[in-house]
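next comes the sequence, and after it the predicted model I'd like to discuss.
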Amino acid sequence: MAVVTMKQLLEAGVHFGHQTRRWDPRMKRFIHGERSGIYIIDLQQTLERIESSYTFVRDLVADGGRVLFVGTKRQAQDAIRSYAEKCGMPYVNQRWLGGMLTNFQTISKRVSKMQEYQRMRDSGEFDAMPKKEALMLGRELEKLERNLSGIQEMERLPDAIFVLDTVREHIAVTEANKLGIPVVAVVDTDCNPDVIQYLIPGNDDAIRSGSLLCRVVADAVEEGRFILNSRSAGKDDGPSLDAEDRAAEQTKAATKRLLSRSSARPGWPPPWQGLATTRTRVLRIAHRSPGPGAEEAAGEASTETEESVAEADALVESTDEEQA
């Protein structure tokens, strides 16, 4: 099933570019044509790029990676915040602070400071301060929350960033390129596609277009997390044997040891019957009707099996000594 359909792209206005006088010649290969002085983006290429970007994000998250959502212009702020929170990823939707990636240690200290102020506010320490000091700290906390609340859970650099407008967020793109962090971005007709690793040609100004493409990336994140959780659950659930299976395995192992010795010496097996009745006793106990004593019966089965196998081994050893 397709990630998104051509009809959805058309309804969201993803195909509308900028005016013909505002364009980047490097975007020429993604332009279908021009209408009323506005470039029309080739949506067939957009669909292909959406598929490749979706696959990249899904596989990245499935391997434990994190994606930072970035979009600070007014049309993108709500979509960036809502979809990033929906899929549990960090985001920046107010202001990109210089060095947010390249100087991550300093940014982390600012986040810690914000969290300390939040603790003081929630515990009532602000109320015990002089009014002027409490007011100043409150204003600083408000500023920190506005710029850093979206990344307070981001303990390390992201493994990729998703950008909704590469012209406005050029500092974020530059920092990511400098650190070798892949960039997934919506590129309009006025953008430079050469600095984007996973580009999606489309309208980065319309609210509906931005929301649709944010949803696509959020869906990729959620699918990747589902795959990651499935893998983790598979590792935790190891093979488990019930009492009957354990009994059968132990009986088979003891029988194998006896047969290997009998084939090596004449006059085997010795005249004993203990091992022959082991599986019979185990199955009789394991197949009792379930009830309050079912678990106890299973335990008895396992215990009897171990004792029988031990007896068989002891008998084999004693017979070996007699033969010697």
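Thanks, I have the structure now. Numbering: from 1, shown residues only.

shaky segments in the stretch 101-250 of the chain?
236-250 (pLDDT under 70).

all strands of it, in order?
160-163, 183-187, 198-201 (DSSP state E, counting those that start in this stretch).

make JSON lines from the ones you listed and add distance to residue 95 to it.
Heads up, the C-betas are built off the backbone N, CA and C, glycines and all. Shown next, in JSON lines, are the strands of the stretch 101-250 of the chain (distance: least, Cβ to Cβ, whole Å):
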{"stretch": "strand 160-163", "distance to residue 95": "14"}
{"stretch": "strand 183-187", "distance to residue 95": "18"}
{"stretch": "strand 198-201", "distance to residue 95": "24"}
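
so residue 40 bridges to which residues?
Judged by DSSP bridges, the bridge partners of residue 40 are residue 16, residue 33.

how much space between it and residue 10?
Between residue 40 and residue 10 the distance is 11 Å, computed by Cβ to Cβ, to the nearest Å.

equivalent analysis for residue 95, please.
Per Cβ to Cβ, residue 95 is found 33 Å from residue 10.

residue 112 too?
47 Å.

do residue 199 as well
Separation of residue 199 from residue 10 (Cβ to Cβ): 20 Å.

all the helices of the chain, residue numbers only.
For the chain, the helices defined by DSSP state H occupy 6-12, 43-62, 74-87, 104-123, 125-128, 131-148, 170-179, 207-236, 243-264, 278-286, 294-323.

for the fifth one, what is the distance to the chain centroid?
Distance, stretch centre to chain centre, for helix 125-128: 40 Å (Cα atoms, centre = their mean, to the nearest Å).

next: the first one.
Relative to its chain's centre, helix 6-12 lies at 29 Å (Cα atoms, centre = their mean).

what residues sit buried inside it?
Going by neighbour count (16 or more other Cβ atoms under 10 Å), the buried part of helix 6-12 is 9, 12.

also the fourth one?
For helix 104-123, a neighbour-count test (16+ other Cβ under 10 Å) marks 104, 107-108, 110-111, 114, 117, 120 as buried.

please apply the same query to the third one.
Applying a neighbour-count criterion of 16+ other Cβ under 10 Å, the buried positions in helix 74-87 are 75-77, 79-81, 83-84, 87.

what's the farthest-apart pair in those residues?
Farthest-apart pair in those is 75 and 87; separation 20.2 Å (Cβ to Cβ).

neighbours of residue 202, how many?
31 (other Cβ atoms under 10 Å).

again with the one 4 residues further on
Neighbour count of residue 206, defined by other Cβ under 10 Å: 15.

what's the closest non-adjacent residue to it?
Spatially, and ignoring its direct neighbours in sequence, residue 206 is nearest to residue 13 (4.8 Å; Cβ to Cβ, 6 or more residues apart in numbering).

the one you found: neighbour count?
15.

pretty sure it sits against residue 210.
No. Counting by Cβ atoms under 8 Å, residue 13 does not reach residue 210; the two are 10.1 Å apart.

common neighbours of these two, please.
residue 203 (Cβ atoms under 8 Å, 6 or more residues apart in numbering).

now render the buried residues of helix 74-87 as JSON lines, adding pLDDT and distance to residue 136.
Shown next, in JSON lines, are the buried residues of helix 74-87 (pLDDT from 0 to 100; distance: Cβ to Cβ, whole Å):
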{"residue": "75", "pLDDT": "91", "distance to residue 136": "33"}
{"residue": "76", "pLDDT": "93", "distance to residue 136": "32"}
{"residue": "77", "pLDDT": "94", "distance to residue 136": "27"}
{"residue": "79", "pLDDT": "95", "distance to residue 136": "34"}
{"residue": "80", "pLDDT": "96", "distance to residue 136": "30"}
{"residue": "81", "pLDDT": "95", "distance to residue 136": "27"}
{"residue": "83", "pLDDT": "96", "distance to residue 136": "35"}
{"residue": "84", "pLDDT": "96", "distance to residue 136": "30"}
{"residue": "87", "pLDDT": "94", "distance to residue 136": "36"}
